[in-house]
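**Student:** predicted model and sequence follow; I will ask about them next.
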Amino acid sequence: MPEVPEIASRARELNIALAGKTISAVEILQPKCLNVSIEEFTAGLIGAVIENAAYHGKWIQIHTTQGWLLVNLGMGGEILLVTRATMPEKHTIVFEFSDASCLSISFWWFGHVHYVPEEGLQAHAPTAKLGPNVLDLSVEDFRRIVAGQRTAVKNYLLDQSRIAGIGNAYIHDILFMARIHPLRRLESLSPAEVDGLYQAIQDGLRPSLAKNGAFYEKDIYGQKGGFGMDEILIGYRENQPCPRCQTPIIKIKTGSTSSFICPSCQAFPAVV
Ligand SMILES: [Zn+2]
């Protein structure tokens, strides 16, 4: 499933590749991924010129001269810049541009492709309710938003309405680097631990962002991301030695999710 290193990479690629292109046709094979009728969607976007692409949380936001094209890959999928000749067999929606290039979007399970008029972004509930992008936060911002929050650290970091962009894959290494047990209470963290957690978030996400995301996701040209399994410290490495202290990594249940932790480096304090 794509997380912020992958989403931000796709937005960066789309921003460069699509700027100036004019949407000339739209082919929709799965109308239920839209937020409006096919008629409203195509009327809104045909003739639109792409201005830029950015992201908020797991949504890619493509700004056009006629409003917004918003894409959420859900559990995963592909966004590919192709031509009719190189079109992948499986696609959910295709945008054809006046220069004959095409943007093909497909979902592994289910995703969303929304059209929002120029002034409508504030009223688009799925993005309006998101917290700030995690990579846009300064350490001062982070200290301020976590202050007074009373919840488990992992739950807080995964709550997209608080901070947008961290998901289930990168969270393990982030908490490991911060030496924080996922069930620690946010209000129990010392100021030094809060700052350490902020730094671990940066260190856990930015190396992958610099390499166009994880190896299991493709860029818009079909190339795999450069962040490999060997760069993951403890995530998905059950029973392997902790890279810091050699204690075997364990997998534990943390509420509705599983967590990979080093039980020695990320001890759960008896009294917090
Ligand atoms: Zn350890």
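**Tutor:** Happy to help now that I have it. Numbering: from 1, shown residues only.
**Student:** please make it C-alpha for all contacts and neighbour counts, starting now.
**Tutor:** OK.
**Student:** state the pLDDT value of Phe268.
**Tutor:** Note on Phe268: pLDDT of 88.
**Student:** three-state assignment of it?
**Tutor:** coil (DSSP: H, G, I helix; E, B strand; the rest coil).
**Student:** let's have the chain start at 23 instead
**Tutor:** Right, with 23 as the first residue, what we last looked at is Phe290.
**Student:** and for it, the neighbour number?
**Tutor:** Phe290 sits with 15 neighbouring residues when counted by other CA atoms under 10 Å.
**Student:** wait, doesn't it sit right on His203?
**Tutor:** Yes - Phe290 sits in contact with His203 when judged by CA atoms under 8 Å, with a separation of 5.7 Å.
**Student:** and the longest helix belonging to the chain, what does it pack onto?
**Tutor:** Ordering each helix of the chain by length in residues (DSSP state H) puts helix 213-232 first. In terms of contacts (3 or more CA pairs under 8 Å, 6 or more residues apart in numbering; DSSP states H and E), helix 213-232 is packed against helix 26-40, helix 161-168, helix 193-199.
**Student:** so is the shortest one next to the ion?
**Tutor:** This points to helix 193-199. No - against the ion, helix 193-199 shows no contacts by CA under 5 Å from the ion, the least distance being 8.2 Å.
**Student:** any idea of the mean pLDDT in that helix?
**Tutor:** 98.
**Student:** kindly report the same for the second one.
**Tutor:** This predicted structure assigns helix 161-168 an average pLDDT of 97.
**Student:** what lies in contact with it?
**Tutor:** Outside of helix 161-168, the residues within contact range by CA atoms under 8 Å, 6 or more residues apart in numbering are 208, 216-217, 220.
**Student:** repeat that for the first one.
**Tutor:** The list of residues contacting helix 26-40 from outside it, by CA under 8 Å, 6+ apart, reads 72-77, 79-83, 187-189, 227-228, 230-231, 234-236, 239, 241-242.
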